[in-house]
Structures are given as structure tokens and as C-alpha cells.
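In: next one to model:
(chains A and B)
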Amino acid sequence: MIHDQQTIDRIRELLELSQIRDKDILEEMTDHYLSEIERQVAAQTNHQVAIRSTFQHIASFDYSTMYTQQDKNNRFVILILALAILFSTYIWRQHSTLPIQNQTEKIEHEWPDGWPLIESSGTIAAQFGNMNHPILNRERHHKGIDIKAQKGTAVIATGDAVVQEVGYTEAYGYYIILQHNDRYTTRYCHLSAVEVLQDDQVNKGVTIGAVGSSGRATSPHLHYEIIDGEAVIDPLECIRA
Amino acid sequence: MDSNKKFLNGTLNTIVLALLRENGKMYGYEICQLTKDKTNEKILLTEGAIYPTLHRLEKEGMITSSKEKVNGRIRKYYAINKSSLQEVDSQINLLSQFTAHLRTLLNLSA
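Out: Now for the predicted structure:
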């Protein structure tokens, strides 16, 4: 039995209205309903009645447990996939941006980690922290370390910096203050010579002055301080190279 | 029908496989009609049940499908996948045994 195109089109239309969209399934279901019409006609049902009752059946049949369910599953899978992709992108971005952030933070706040005298020369004469001042002869907090060395030993920058200040005070003698970044500055005191000017750019390891005993000092040594923001910190804990 | 539906849930796969094993290649509508005829219209397989079952079995590799042109339209036929024949047999046997036990149990309680 050959069906007219109108019947076939109407079946497809009704199926599509029921959310059945897959081409193969549409084809298969269309054959199913055309077969049903054929069976009814073979059983002596009026052709038009058979067509109408089949249309009615399709229009009222609940396909929700059938392919819409599969659709829902597919949608669910797609949703899960989309979430997974979003999540992994998020994780990937986190991982790819974190080190860069850390790096800039590290660069911005890298502390000066060098030894302040050329060729690692000198010996530590006084540690950071509480000490008895040899001249004032009383307990006080030592704001840096004293490195005993021969007069004239080259004093070098402990990190890349800009010369913030060069000066002389009664206590510190000739001194240099280097600003390394927003956070760290270093002070070099009791110098016998100063070889930089304010605002000079200096790289780590560059000679900036020479050891002396200017100011309140009994013998040639370098008083070296590291200031973290407002507070002095123990330079020995910062020195790496 | 509704109570049949409940029982059909776990057995439809095997029923379809048994019909295909018995009759060779069949199409969906044919399976529905054969079931209806064989059970004196007591078990009615709807298109909402038969097609998802056929597609699932095909996906699982238990059956294969082929398309043929009939009355100017495409018809999809299903047949048991030869390599799954042993598994199909064992599934049918299991359900058959289960049904026998079920009958015994139901007779006992009756």
C-alpha cells in the first residue's frame, strides 16, 4: 500500500510536535504508523477512519518516557560536559595565572639577599638584636649586623636598587641607604668612602663605598641594616648569596 | 496493561530477543503485532517501549539492524547479532527458569 505524501507529512509533523527529532527515529516511527494504517485497512476499516484514528493516537501518545527522556539524558550529559570544561578551564587559568602573580609579587618584594662586602670578605663582629654597645656601654637593640673588615674593603649593593640617600651622621658616620623596592631598603654605615650619588641605579654586587670607622665606631667595620617596611630585620636571615 | 507494564520492565529485552531468535529479522511494528497476537491481546507492546528497547539492544551489540525499501518507504529490520547468539540463548534460558520458579511460587501461595 502506497500512502499519499499528505499522510506521511502529517505523521512526521505530529511526531516532531512530540519532540521526536532524530531523523532515523522519525523514519522508523513513520513506518510504524503507516503499518498500523495498513493493518486497519486490511481489517476492513475505512481508510480515512484508519488515518484519522492513527493521527489521534500519535497526537495523544505520551512520548515523554521515550525519546524526550533520551534527550534529557543527552542534555544532562552535555550540561555535565560543559560544566567540566568550564571547571577545567577555571582550574587551568588559576594554575597558569597563579605563578605569574607569585612571580610579580616576588619581584616586587624580593629582598636584598647578597653579602654586603666584596668577595664575601669580613667577619661578623656583632649580631642583630640585643647587644651591649661598646661605646655607649649599655644594653640596646642592635638594628643590623657589624661586619669587621679592613678599612677600604669594597662595600657592595646586596640587591638591585636605587640610591635613596647618601649622608653623614654622628652615629652612623658616612652612610648609604639603598631602596630595593616598595618594601625593602638597606643601610651601609661607618663608611670611609661613598662611591654613589642619590638616585643612582645600582645593580646587585656593584661597589657603592668602602669600609671605614666614621661615626661612632671603634674600629673599621660595616654596620649593615635591612629595613622591611618600617621595621629592621635580621640581615643574616636574608643573606642567600 | 498497567500491571503488565510493571512485569514487562525487567523482561522486555529478553522477550524481544526471543522473538527475534524465533522469527529471524523483524521490524518494530511486527514485534508489537506478534506479541499482541500471541498473547491474545493481553500483552500490548507500545511504540514507546519497543523502539527504545530495540535501539538499546542494538547499541549493546546484541542485535543488528538493516534498512529496506518497502511500499516506497524505508523500513528498519532487526536481527540477532550472530556473535551474541550464545548470550541471547543464556538470557532466554535464565528468564525461562525464572518463570518456572515463579510459577511454582505462585502456585504454592495460591
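In: what does chain B put close to chain A?
Out: By the rule CB under 8 Å from any CB of the partner chain, the part of chain B lying against chain A is B:27-30, B:32-33, B:46-48, B:51-52, B:55, B:70-76. C-beta here means a position set from N, CA and C on the backbone, and glycine is covered the same way.
In: of the residues you listed, keep whichever come out buried.
Out: Among these, the ones that count as buried by 16 or more other CB atoms under 10 Å in any protein chain shown are B:27, B:28, B:29, B:30, B:32, B:33, B:47, B:51, B:52, B:55, B:75, B:76.
In: residue contacts, the fifth one?
Out: Meaning residue B:32. A:32, B:44, B:45, B:46, B:47, B:50 (CB atoms under 8 Å, 6 or more residues apart in numbering or on different chains).
In: which of those residues fall in helices?
Out: In helices, defined here by DSSP state H, the members of these are A:32, B:47, B:50.
In: how close does the residue positioned nearest the centre of chain B sit to chain A?
Out: Here the mean C-alpha position of chain B is nearest to the C-alpha of residue B:16 (CA atoms, centre = their mean), at a distance of 1.2 Å. Spatial separation of residue B:16 from chain A under the definition CB to the nearest CB, to the nearest Å is 15 Å.
In: can you pull out the strands in chain A?
Out: In chain A, strands defined by DSSP state E lie at A:123-126, A:129-132, A:139-142, A:145-148, A:154-156, A:161-169, A:173-179, A:184-194, A:201-202, A:207-211, A:221-228, A:231-233, listed in chain order.
In: what mean pLDDT would you report for the first one?
Out: Meaning strand A:123-126. When pLDDT is averaged over strand A:123-126, the result is 85.
In: contacts only, for the residue in chain A positioned nearest to chain B.
Out: Taking CB to the nearest CB as the measure, the point where chain A comes nearest chain B is residue A:35, at 4.1 Å. Taking CB under 8 Å, 6+ apart as the contact definition, residue A:35 lies against B:27, B:29, B:30.
In: pick the one among those closest to chain A.
Out: Proximity of those to chain A (CB to the nearest CB) peaks at residue B:29, which lies at 4.1 Å.
In: once you drop chain neighbours, what's closest to residue A:152?
Out: Closest residue in space to residue A:152, ignoring its immediate chain neighbours: residue A:210 at 5.0 Å, by CB to CB, 6 or more residues apart in numbering or on different chains.
In: any idea how many residues pack against the one you found?
Out: With neighbours defined by other CB atoms under 10 Å in any protein chain shown, the count for residue A:210 comes to 23.
In: mind listing the residues bridging to it?
Out: Legend: beta-bridge partners of residue A:210 under DSSP bridges are residue A:154, residue A:193.
In: before we move on, back to that, narrow the buried ones among the residues of chain B next to chain A to those in helices?
Out: Taking DSSP H, the ones among those that sit in helices are B:28, B:29, B:30, B:32, B:33, B:47, B:51, B:52, B:55.
In: give me the contact list for stretch B:11-30.
Out: Counting contacts by CB under 8 Å, 6+ apart, the residues outside stretch B:11-30 that touch it are A:28, A:31-32, A:35-36, B:8, B:31, B:34-35, B:45, B:47, B:49-51, B:53-54, B:56-57, B:62-63, B:66, B:75-80, B:85, B:88-89, B:91-92, B:94-95.
In: buried subset of those?
Out: A:28, A:31-32, A:35-36, B:8, B:31, B:35, B:45, B:47, B:49-51, B:53-54, B:57, B:62-63, B:75-78, B:80, B:88, B:91-92, B:95.
In: near chain B at all, stretch A:52-59?
Out: No - legend: contact between stretch A:52-59 and chain B by CB under 8 Å from any CB is lacking; minimum distance shown is 9.2 Å.
In: any idea of the mean pLDDT for that stretch?
Out: Mean predicted lDDT for stretch A:52-59 stands at 92.
In: buried sites along that stretch?
Out: For stretch A:52-59, the neighbour count (16+ other CB under 10 Å) marks A:54, A:55, A:58 as buried.
In: before we move on, what about stretch A:27-47?
Out: A:27-38, A:40-41.
In: then stretch A:10-24?
Out: Along stretch A:10-24, these residues count as buried under the neighbour rule (16+ other CB under 10 Å): A:10, A:11, A:12, A:14, A:15, A:18, A:20.
In: ditto for stretch A:200-220
Out: Under the neighbour-count criterion of 16+ other CB under 10 Å, stretch A:200-220 has A:200, A:202, A:208, A:209, A:210, A:211, A:212, A:214, A:215, A:216, A:217, A:220 buried.
In: how close does residue A:184 get to residue A:143?
Out: Relative to residue A:143, residue A:184 is positioned 15 Å away (criterion: CB to CB, to the nearest Å).
In: meant to ask about residue A:162
Out: Per CB to CB, residue A:162 is found 22 Å from residue A:143.
In: again, but for residue A:119
Out: Distance of residue A:119 to residue A:143, given as CB to CB: 25 Å.
In: what lies in contact with stretch B:67-80?
Out: Counting contacts by CB under 8 Å, 6+ apart, the residues outside stretch B:67-80 that touch it are A:1-3, A:8, A:24, A:27-28, A:30-31, A:34, A:38, B:17, B:20-21, B:24-28, B:54, B:57-58, B:62-66, B:88.
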